[in-house]
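>>> pasting the sequence and the predicted model now:
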Amino acid sequence: MPTKPIYVTEPYLPPLADFVPYLEAIWASKMLTNGGPMHQKLEAELCDYLGVEHVALFANGTLALVTALQALRIAGEVITTPYSFVATSHSLLWHGIKPVFVDIDPETLNLDPARIEAAITPHTTAIMPVHCYGQPCDIAAIQKIADNYNLRVIYDAAHAFGVTLPSGSLLRSGDLSVLSFHATKVFNTFEGGAIICPDAKTKQRVDHLKNFGFVDEVTVVAPGINGKMSEINAAFGLLQLQHIDGALERRREVAAIYREELAGVKGIRLPLAASGHLSNNAYFPIMVQADYPLSRDALYEKLGSRNIFARRYFYPLISDFPMYRGMPSAALENLPVATTAAAQVLCLPIFPGLTRENQQRVIDAIIGH
Ligand SMILES: Cc1ncc(COP(=O)(O)O)c(C=O)c1O
């Protein structure tokens, strides 16, 4: 019998019947969007759950990134990581901002603070780091540089739902943090996103910008976009929130098994092993090194032949795509660590519904059975 495919992720979906009452409430209210009751309730519940002051919901994370930049009037050059999903840098290009790529730290795979200062020019206005795989950036070091040079910090926290440091929510760091609730994310609303704002005034500006710039019926203060989350998505988020703790716990269990089973495998490095306890296990990256019997791509093919669809996140680097590769900061010599990571990384299947048996299929394929 052919084996069932195992994908890198599978969205968590609550029982369908549990969603029906939410739909009935929407049908009764006839409020489909524009900050209706579901939207307001989800913003409030997310503030509580995440331990943050102000959440502005969005239709997706990319619109939230674009709006975050607009809200803080970012222009000129922004320092960012090439080791991310393209939306990080694309949000800069949407504003005509020049991304300046800085290499990553070999341990955390996040923007290397030690390399930021050298990339600052008189045109630099902000830093846009990514908490890659949900693992926190070195927020203290980044903030220190931002303070010294009077730069803003916008975190692309698309992977970092629910990540907490001893000092509180990771999402409170920097000037703004942006979440994605895309289907592939730890917490999903089918499509969705949010900006975490530090104060009511910033949230108000963000709320205006995500509604075309309308302040009231007759006043438009900025060329805003339509970034609003619909009532259906918000309602689904309310239901998902009831299950999120269980989903995160299952991810922890799956990650712990991978860590245990793959720890001693020659040529396989587990980049989140040292500080993985801080992450939300949104992803499980491994690095396939030269002393593993297969190349990264050969292992990827081997898994595929067994109906296991791991993903090479993040390969190619953002800086290798045509709209970026001519930029001086995209040069290979500037990004040796990111280049190596992109050549070695493979993200293994991890999601709440991954059975022990299917996880063993992945492990067996890697350790050679
Ligand atoms: C790091 C990163 N930034 C931004 C995004 C964009 O989010 P969305 O798909 O919700 O627009 C994603 C994922 O999709 C992502 O992984």
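That came in fine, so what should we check first?

>>> any chance you could map the helices in the stretch 101-250 of the chain?
Under the criterion DSSP state H, counting those that start in this stretch, the stretch 101-250 of the chain contains helices at 139-149, 200-209, 231-241, 244-262.

>>> out of these, deepest packed?
helix 231-241 (a mean of 22; mean count of other Cβ atoms under 10 Å). Glycine gets a C-beta too; all of them are placed from N, C-alpha and C.

>>> is it positioned near the ligand?
No - using Cβ under 6 Å from any ligand atom, helix 231-241 stays clear of the ligand, with a minimum separation of 11.2 Å.

>>> so which bits of stretch 358-369 are buried?
By neighbour count on 16 or more other Cβ atoms under 10 Å, the buried set for stretch 358-369 is 358-359, 361-363, 365-366.

>>> and the helices of the stretch 101-250 of the chain as JSON lines, adding distance to residue 328 and mean pLDDT?
What follows is those, written out as JSON lines (distance: least, Cβ to Cβ, whole Å; pLDDT from 0 to 100):
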{"stretch": "helix 139-149", "distance to residue 328": "20", "mean pLDDT": "98"}
{"stretch": "helix 200-209", "distance to residue 328": "32", "mean pLDDT": "98"}
{"stretch": "helix 231-241", "distance to residue 328": "40", "mean pLDDT": "98"}
{"stretch": "helix 244-262", "distance to residue 328": "38", "mean pLDDT": "96"}
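
>>> dump these into TSV; add distance to residue 108 as well.
As requested, those are exported to TSV (distance: least, Cβ to Cβ, whole Å):
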stretch	distance to residue 108
helix 139-149	11
helix 200-209	28
helix 231-241	28
helix 244-262	16
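
>>> looking at these, which is nearest to residue 64?
Nearest of the helices of the stretch 101-250 of the chain to residue 64, taken as Cβ to Cβ: helix 200-209 at 8.6 Å.

>>> list the contacts for whatever residue of the chain ends up closest to the ligand?
Of all residues in the chain, residue 61 sits closest to the ligand, at 2.8 Å by Cβ to the nearest ligand atom. Taking Cβ atoms under 8 Å, 6 or more residues apart in numbering, we find residue 61 in contact with 87, 158, 178-182, 192-193.

>>> for residue 135, state which of these is nearest.
residue 158 (12.7 Å).

>>> got the phi/psi numbers for that closest one?
phi -50, psi -30 (degrees, to the nearest 10).

>>> so it sits against residue 86, correct?
No - using Cβ atoms under 8 Å, residue 158 is not in contact with residue 86; the gap is 11.7 Å.

>>> more neighbours: these two, which one.
A count of neighbours by other Cβ atoms under 10 Å puts residue 158 above the other of residue 158 and residue 86, at 29 against 16.

>>> list the residues that contact the more buried one.
Applying Cβ under 8 Å, 6+ apart, the residues contacting residue 158 are 61, 85, 87, 130, 178-180, 182, 185, 193.

>>> ok, now residue 222?
70, 208-209, 213.

>>> redo that, cut-off 10 Å
Counting by Cβ atoms under 10 Å, 6 or more residues apart in numbering, residue 222 makes contact with 70-71, 73, 205, 208-209, 212-215.

>>> pLDDT wise, what is it at?
Looking at residue 222, its pLDDT stands at 97.

>>> how close does it sit to residue 214?
Between residue 222 and residue 214 the distance is 10 Å, computed by Cβ to Cβ, to the nearest Å.

>>> what sits in contact with each of the two?
residue 208.

>>> just the residues contacting stretch 39-49, thanks.
31, 33, 35, 52-57, 161-162, 169, 171, 179, 181, 187, 189, 192, 194, 196, 203, 207, 228-231, 233-242, 244-245.

>>> strands - which of the contacts of residue 61 land there?
Using DSSP state E, 178-180, 193 are the members of these that sit in strands.

>>> ok, residue 338 - contacts?
So residue 338 contacts 81-84, 101-106, 109, 111-112, 314, 317-320, 332 (Cβ under 10 Å, 6+ apart).

>>> just the ones in strands from the residues you listed, please.
Among these, DSSP E puts residue 101 in strands.

>>> which of the contacts of residue 338 come close to the ligand?
Restricting the contacts of residue 338 to those within reach of the ligand (Cβ under 6 Å from any ligand atom) leaves residue 84.

>>> are any of the contacts of residue 338 buried, and if so which?
Buried members of the contacts of residue 338, counted by 16+ other Cβ under 10 Å: 81-84, 101-105, 109, 111-112, 314, 317-320.
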